[in-house]
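Asker: below is the structure, and that's it, no one-letter string:
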């Protein structure tokens with residue numbers, strides 16, 4: 001590789017998936033230094049926005065696997081593919097990951113809980129490293145959470161929104177956790193209620209975290225300025241009264257909304273130009289396609305192919321937008337009951353390794369056992385000495401005891 005210019009070599013590595021780069025680290029020290037350098041990790045993360053790696057979780061969070069959608073061929077009607085196992089977080093004190101989808105940014109997952117006795121964790125599934133967040137020390141009434149990257153300060157930030165009662169009025173307090181500073185701060189209140197049945201997952205795009213409000217608008221928190229702004233949703237047809245569910249996602253690097261109607265019908269919209277409310281365009285609209293029905297969840301959008309990869313219950317489908325047709329994809333090795341989400345691979349290493357945590361916990365247990373054993377031995381030794389001294393004193397007082 002000495003004949004390859006360093007700039008070109010850097011560009012080649014930057015385009016490789018994170019899984020391949022982890023293996024490349026073992027080639028030589030020079031490659032390891034380059035791949036582990038913070039500037040390379042930032043550049044690589046920015047290049048993974050169109051990732052097609054699907055993370056799959058079983059119903060109880062004890063098993064994970066991944067699926068690379070680039071390996072799928074829409075033209076093959078009988079294609080089948082196997083999933084790849086993913087090692088998850090298994091160590092004392094780290095809660096199991098919640099059902100997907102969850103807040104995520106650049107391959108980092110926020111494992112957040114509405115219960116006060118649950119620890120929040122940022123987790124990197126690829127490097128198997130994690131970071132536990134301290135308690136925010138506030139009254140909890142969680143209605144929304146999210147994680148994003150502030151490029152201005154080169155910092156990952158976690159956001160939580162809590163509904164609190166202040167002066168007999170409901171307010172939506174916003175707390176921001178800085179991974180760099182390792183502390184929580186309270187910023188400007190969220191101007192709208194974003195919850196409809198429970199804590200809402202925020203989606204990250206364009207330096208901001210977005211939530212869907214009850215007032216039919218999208219609320220965005222800019223992580224650099226820490227100011228809120230709002231976007232209007234697509235203009236819906238007159239029969240929108242039959243709308244019973246909406247979803248906010250990121251598809252193909254764009255904000256996306258899915259609308260589910262009682263008719264039944266489903267519509268998918270994308271904001272082509274981020275921040276331009278006039279750039280909403282309808283991506284697809286269909287009712288039941290054969291036996292597939294409309295209860296589909298869009299997972300990934302391939303602009304160059306004009307197709308959307310979707311999930312319904314425990315099945316996957318390709319949707320051809322132009323022809324308004326769908327094909328089922330057979331995937332082997334899936335759990336019986338699962339949820340899924342697109343999560344790009346990340347080289348970013350958090351402050352604690354899952355494997356190291358297990359070893360530390362085991363080491364502490366062995367140390368406690370060793371200390372306990374040593375203490376027990378010292379006590380037994382001391383008791384033996386006391387017994388000998390008591391016997392000597394008795395013999396001096398009453399003489400030796402003769403047994404017939």
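Answerer: Yep, it's here. Keep in mind that what you see is a predicted model, and the values were worked out from it rather than measured.
Asker: where are the low-confidence patches of the stretch 151-300 of the chain?
Answerer: 195-199, 239-241, 288-294 (pLDDT under 70).
Asker: redo that, cut-off 90
Answerer: Low-confidence segments of the stretch 151-300 of the chain (pLDDT under 90): 162-170, 191-201, 213-216, 235-246, 252, 259-267, 284-297.
Asker: can you map out the strands along it?
Answerer: Assigned by DSSP state E, counting those that start in this stretch, the stretch 151-300 of the chain shows strands spanning 155-166, 169-178, 183-187, 200-201, 203-205, 208-212, 217-222, 227-232, 243-251, 254-261, 265-271, 280-286, 297-302.
Asker: would you turn those strands into TSV with distance to residue 340 and mean neighbour count?
Answerer: For the C-beta atoms, the positions are set from N, CA and C on the backbone; glycine is no exception. TSV is the format used below for those (distance: least, Cβ to Cβ, whole Å; neighbours: other Cβ atoms under 10 Å):
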stretch	distance to residue 340	mean neighbour count
strand 155-166	23	20
strand 169-178	27	16
strand 183-187	31	14
strand 200-201	14	23
strand 203-205	15	22
strand 208-212	20	25
strand 217-222	23	22
strand 227-232	26	14
strand 243-251	12	17
strand 254-261	15	21
strand 265-271	17	21
strand 280-286	20	17
strand 297-302	6	21
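Asker: export those strands as TSV, with columns for distance to residue 101.
Answerer: Formatted as TSV, these follow (distance: least, Cβ to Cβ, whole Å):
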stretch	distance to residue 101
strand 155-166	16
strand 169-178	20
strand 183-187	24
strand 200-201	6
strand 203-205	9
strand 208-212	13
strand 217-222	17
strand 227-232	20
strand 243-251	8
strand 254-261	12
strand 265-271	16
strand 280-286	19
strand 297-302	9
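Asker: residue 53: which of those strands is closest?
Answerer: strand 297-302 (9.5 Å; Cβ to Cβ).
Asker: could you name the helices and strands sitting against the closest one?
Answerer: strand 243-251, strand 254-261, strand 307-312, strand 338-342 (3 or more Cβ pairs under 8 Å, 6 or more residues apart in numbering; DSSP states H and E).
Asker: which stretch among those comes nearest residue 113?
Answerer: Checking the helices and strands packed on strand 297-302 against residue 113 by Cβ to Cβ gives strand 338-342 as the closest, at 16.0 Å.
Asker: could you name the helices and strands sitting against the closest one?
Answerer: Here strand 338-342 touches strand 53-58, strand 297-302, going by 3+ Cβ pairs under 8 Å, 6+ apart.
Asker: give me the residues contacting stretch 238-249.
Answerer: If you take Cβ atoms under 8 Å, 6 or more residues apart in numbering as the criterion, stretch 238-249 is touched by 101, 203, 210-212, 218, 233, 236, 255-263, 297-298.
Asker: from start to finish, how long is that stretch in a straight line?
Answerer: End-to-end distance for stretch 238-249, by Cα to Cα, to the nearest Å: 24 Å.
Asker: same thing with stretch 230-249?
Answerer: Using Cα to Cα, one end of stretch 230-249 lies 16 Å from the other.
Asker: just how off-centre is that stretch within its chain?
Answerer: 26 Å (Cα atoms, centre = their mean, to the nearest Å).
Asker: which stretches in the stretch 1-150 of the chain count as helices?
Answerer: Using DSSP state H, counting those that start in this stretch, the helices found in the stretch 1-150 of the chain span residues 6-14, 18-24, 29-36, 38-46.
Asker: got JSON lines for those, with mean pLDDT, mean neighbour count and distance to residue 330 too?
Answerer: Shown next, in JSON lines, are the helices of the stretch 1-150 of the chain (pLDDT from 0 to 100; neighbours: other Cβ atoms under 10 Å; distance: least, Cβ to Cβ, whole Å):
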{"stretch": "helix 6-14", "mean pLDDT": "81", "mean neighbour count": "12", "distance to residue 330": "34"}
{"stretch": "helix 18-24", "mean pLDDT": "87", "mean neighbour count": "15", "distance to residue 330": "23"}
{"stretch": "helix 29-36", "mean pLDDT": "88", "mean neighbour count": "14", "distance to residue 330": "35"}
{"stretch": "helix 38-46", "mean pLDDT": "88", "mean neighbour count": "16", "distance to residue 330": "32"}
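Asker: quick one: closest of the ones you listed to residue 185.
Answerer: Nearest to residue 185 among the helices of the stretch 1-150 of the chain is helix 38-46; the distance by Cβ to Cβ comes to 23.4 Å.
Asker: hmm, who's touching the closest one?
Answerer: The contact list for helix 38-46, computed with Cβ under 8 Å, 6+ apart, reads 10, 13-14, 18, 21, 34-35, 106-107, 149, 154, 344, 346-348.
Asker: now do 6 Å
Answerer: Contacts to helix 38-46, defined as Cβ atoms under 6 Å, 6 or more residues apart in numbering, come from residues 14, 34, 106, 347-348.
Asker: got the contact list for the residue nearest to residue 333 when sequence neighbours are not counted?
Answerer: Leaving aside its sequence neighbours, residue 333 sits nearest to residue 83 (Cβ to Cβ, 6 or more residues apart in numbering; 4.4 Å). Contacts for residue 83 (Cβ under 6 Å, 6+ apart) come out as 65, 67, 333.
Asker: what sits against the second one?
Answerer: When contacts are counted by Cβ under 6 Å, 6+ apart, residue 67 is found next to 54, 83.
Asker: tell me what it is bridged to.
Answerer: residue 54 (DSSP bridges).
Asker: could you check how far it is from residue 82?
Answerer: 9 Å (Cβ to Cβ, to the nearest Å).
Asker: kindly report the same for the first one.
Answerer: Note on residue 65: its distance to residue 82, by Cβ to Cβ, is 9 Å.
Asker: in terms of neighbours, single out the busier of those two.
Answerer: It is residue 65, of residue 65 and residue 82, that has more neighbours when counted by other Cβ atoms under 10 Å, with 21 against 12.
Asker: residues near the nearest residue to residue 200 once chain neighbours are set aside, how many?
Answerer: Counting by Cβ to Cβ, 6+ apart, residue 200 lies nearest to residue 144, which is 4.5 Å off, once chain neighbours are set aside. Neighbourhood size, residue 144 [other Cβ under 10 Å]: 28.
Asker: picking that back up, any chance of the helices and strands packed on strand 338-342 in CSV, plus distance to residue 43?
Answerer: Shown next, in CSV, are the helices and strands packed on strand 338-342 (distance: least, Cβ to Cβ, whole Å):
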stretch, distance to residue 43
strand 53-58, 18
strand 297-302, 23
